[in-house]
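Engineer: A structural model of the following input is requested.
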Amino acid sequence: MLTAFTWSPDTIWLLGQKVWWFLVVLGVLVSFHELGHFLAARWVGVRVLKFSLGFGPKLFGRQVGETEYLVSAVPLGGYVKLFGEDEAEALTPEDRKRSFAHQSLSGKVLIVAAGPGFNFILAYLIFFGWLSTGSPLFVPSFRDLSPDVEALLPGSPADRAGIKVGDRIIRVNERDISTRSELFDAVAKSRGKQLMLDVRRNGQVKTVLVTPEPVSGQETDSEEMAYRIGIEETAPLVTAVMHGSPAAQAGLKEGDRIVKIEDQEIHTWSQMTGLVKESPNRPLRFEVLRDGARVSLTVTPAAETAVVNGQTVEIGKIGISGPGRSIIRASNPLTAVYYGLEATWGWTELTTIGIYKMIVGDISSKNIGGPLTIANISGEAASQGASSVVFLIAILSINLGVLNLLPIPILDGGHLLFFAIEAILRKPLGERQRELAQQVGLLLLVGIMIFAFWNDLERLFYR
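Structural biologist: Numbers count the residues shown, from 1 in each chain. Below you'll find the model as predicted:
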């Protein structure tokens, strides 16, 4: 059902904030990407004519030396214009020295590859800085994201249907799923209607019917009614305790499993975080399982401000991290140099595998998001604090780097493909062949952008 015509002023204000943070995040990503092309071109000796943030008509700019720096009207990318991209531009021997087309093959490869390369460098610098503070960093694999049941709420719809911890959900309403987020998305969009789940257990598949129940209280930050079936992302197991945090001061340790808070049995991570968020500055009695024995502790969540539905509220935090098979921690800034590389590689591998699985159909193409999706997650990250925005920039920077390396003409990867062909044939492709490839690449890219934008509109206007 269309909901755009019922937007309140608060909703419009919230959308405005998301647009602003989208521009901030995209501006950082594009600036760093184009900076890579720019610095590589200058290092090789190619003249840079323009350095633009955005496409389309020029809004404002300034000439500095031989380069014009400008901001353009369409904030969905950017470009660096190099002298001599067309061989006919360089007429004199001096021009040919500063011309892109007349550079050695290695020089042209360096200039083109530097854009996505700088995206990976940006992500690495963020991960390095993050790990240098001693904070844990989750670097998931597809196994971490698989729709396996790791935590189950007793008495929930899934529990009553016979689903057990260790099961894997492979289909929802006869549609294959491969990630936990696809399962949660189907539940969220169910509006309480019964779902048919195909569950794999011990090599056998059984079908169960589950009716999602509404989430009450403060367990959701959304204005819309949320639904759940009781399958949770993680168990209430402490895998990291922040130094100096309320949890550390109270004596919580890595490996503790939280079993009770204020006489309420705790079975899932979200149960625990829900109670903690509702209790800023209020002492809570924790009971944890440690080395087979129960230990009682008193933890007082610290109060932090957060923006929920456009309003500033106080929430409680105790400074712990939950389960993850790929938690990375560095003991000092020196080890963070190495672990930053490991984190960058892990997220790059995850992104690459995800794109491959989407191409072959293992993951639904509905997961493709465009500018509105990026704006939404940028706004959500901003509401959680500056660290969340910085982390989001790192992840999106890796996505941008990987996508730009795809062998699609018009993208950096397409140019690198042309250079590879040139290296094999010992001569560049003909001008007509390059033009046809660029046209095909442009059509393909525009098609992907339209599809991503359509997915955005469906998420925005239809519930």
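Engineer: CA atoms for contacts and neighbours, from now on please.
Structural biologist: Will do.
Engineer: thought residue 180 was touching residue 148?
Structural biologist: Yes - with contact defined as C-alpha atoms under 8 Å, residue 180 and residue 148 form a contacting pair (7.3 Å).
Engineer: If we go by neighbour counts, what in the helix or strand in which residue 80 is found is buried?
Structural biologist: Taking DSSP states H and E as the criterion, residue 80 maps to strand 67-82. Using 16 or more other C-alpha atoms under 10 Å as the test for burial, strand 67-82 gives 67-72, 75-82.
Engineer: Let's verify residue 255: helix, strand, or coil?
Structural biologist: Secondary structure, DSSP: H, G, I helix; E, B strand; the rest coil: residue 255 is coil.
Engineer: Just want to check the distance between it and residue 303.
Structural biologist: Remark: distance between residue 255 and residue 303 (C-alpha to C-alpha, to the nearest Å) = 25 Å.
Engineer: Kindly state the beta-bridge partners for residue 74.
Structural biologist: Residue 74 has these beta-bridge partners by DSSP bridges: residue 55.
Engineer: ok, now which ones touch it?
Structural biologist: Residue 74 sits next to 54, 55, 56, 57 when contact means C-alpha atoms under 8 Å, 6 or more residues apart in numbering.
Engineer: which residue is nearest the middle of the chain?
Structural biologist: By C-alpha atoms, centre = their mean, the chain has its centre lying nearest to residue 395, at 4.8 Å.
Engineer: Check what pLDDT residue 310 gets.
Structural biologist: Here the pLDDT value assigned to residue 310 is 54.
Engineer: Repeat that for the one 5 residues further on.
Structural biologist: Among the per-residue scores, residue 315 shows a pLDDT of 86.
Engineer: so the longest helix belonging to the chain versus strand 67-82, what angle?
Structural biologist: The longest helix of the chain (DSSP state H) is helix 9-44. Put simply, helix 9-44 runs at 80 degrees to strand 67-82, going by axes from the mean of the first three to the mean of the last three C-alpha atoms, to 10 degrees.
Engineer: Averaged pLDDT, helix 9-44. What do you get?
Structural biologist: 81.
Engineer: Stretch 96-114 now?
Structural biologist: 89.
Engineer: what's the offset of that stretch from the middle of its chain?
Structural biologist: 32 Å (C-alpha atoms, centre = their mean, to the nearest Å).
Engineer: Straight-line length of that stretch, end to end?
Structural biologist: 22 Å.
Engineer: same deal with stretch 131-147?
Structural biologist: 28 Å.
Engineer: please renumber so the chain begins at 426
Structural biologist: New numbering, starting at 426: the last item is stretch 556-572.
Engineer: List the buried residues for that stretch?
Structural biologist: For stretch 556-572, by 16+ other C-alpha under 10 Å, it's 556-557, 559-566, 569, 571-572.
Engineer: Residue 480 contacts residue 505, correct?
Structural biologist: No - using C-alpha under 8 Å as the test, residue 480 is too far from residue 505 to be in contact (10.7 Å).
Engineer: how near is residue 824 to residue 831?
Structural biologist: In terms of C-alpha to C-alpha, residue 824 sits 11 Å off from residue 831.
Engineer: Between the two, which is the more surrounded one?
Structural biologist: Neighbours of residue 824 and residue 831, each counted by other C-alpha atoms under 10 Å, are more numerous for residue 824; the result is 20 against 17.
Engineer: got the contact list for the more buried one?
Structural biologist: For residue 824, counting by C-alpha under 8 Å, 6+ apart, the contacting residues are 773, 776.
Engineer: again, but for residue 830
Structural biologist: Residue 830 makes contacts with 541, 836, 837, 838, 839, as judged by C-alpha under 8 Å, 6+ apart.
Engineer: Would you mind putting those into JSON lines with secondary structure, neighbour count and distance to residue 534 alongside?
Structural biologist: What follows is the contacts of residue 830, written out as JSON lines (DSSP: H, G, I helix; E, B strand; the rest coil; neighbours: other C-alpha atoms under 10 Å; distance: C-alpha to C-alpha, whole Å):
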{"residue": "541", "secondary structure": "helix", "neighbour count": "26", "distance to residue 534": "12"}
{"residue": "836", "secondary structure": "strand", "neighbour count": "19", "distance to residue 534": "13"}
{"residue": "837", "secondary structure": "helix", "neighbour count": "23", "distance to residue 534": "10"}
{"residue": "838", "secondary structure": "helix", "neighbour count": "21", "distance to residue 534": "10"}
{"residue": "839", "secondary structure": "helix", "neighbour count": "20", "distance to residue 534": "11"}
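Engineer: Which of those sits closest to residue 715?
Structural biologist: In terms of C-alpha to C-alpha, no member of the contacts of residue 830 lies closer to residue 715 than residue 541, at 46.0 Å.
Engineer: Which strand or helix spans the closest residue to the closest one other than its chain neighbours?
Structural biologist: Closest residue to residue 541 apart from its sequence neighbours, by C-alpha to C-alpha, 6 or more residues apart in numbering: residue 826 at 4.2 Å. Using DSSP H and E, residue 826 sits within helix 811-829.
Engineer: could you check the angle helix 434-469 makes with that helix?
Structural biologist: Using the same axes, to 10 degrees: helix 811-829 against helix 434-469 is 60 degrees.
Engineer: Could I get the buried residue list for helix 811-829?
Structural biologist: In helix 811-829, counting by 16+ other C-alpha under 10 Å, buried: 814-829.
Engineer: Repeat that for stretch 600-619.
Structural biologist: Buried residues in stretch 600-619 (16+ other C-alpha under 10 Å): 601-605, 607-609, 611-613, 615-617.
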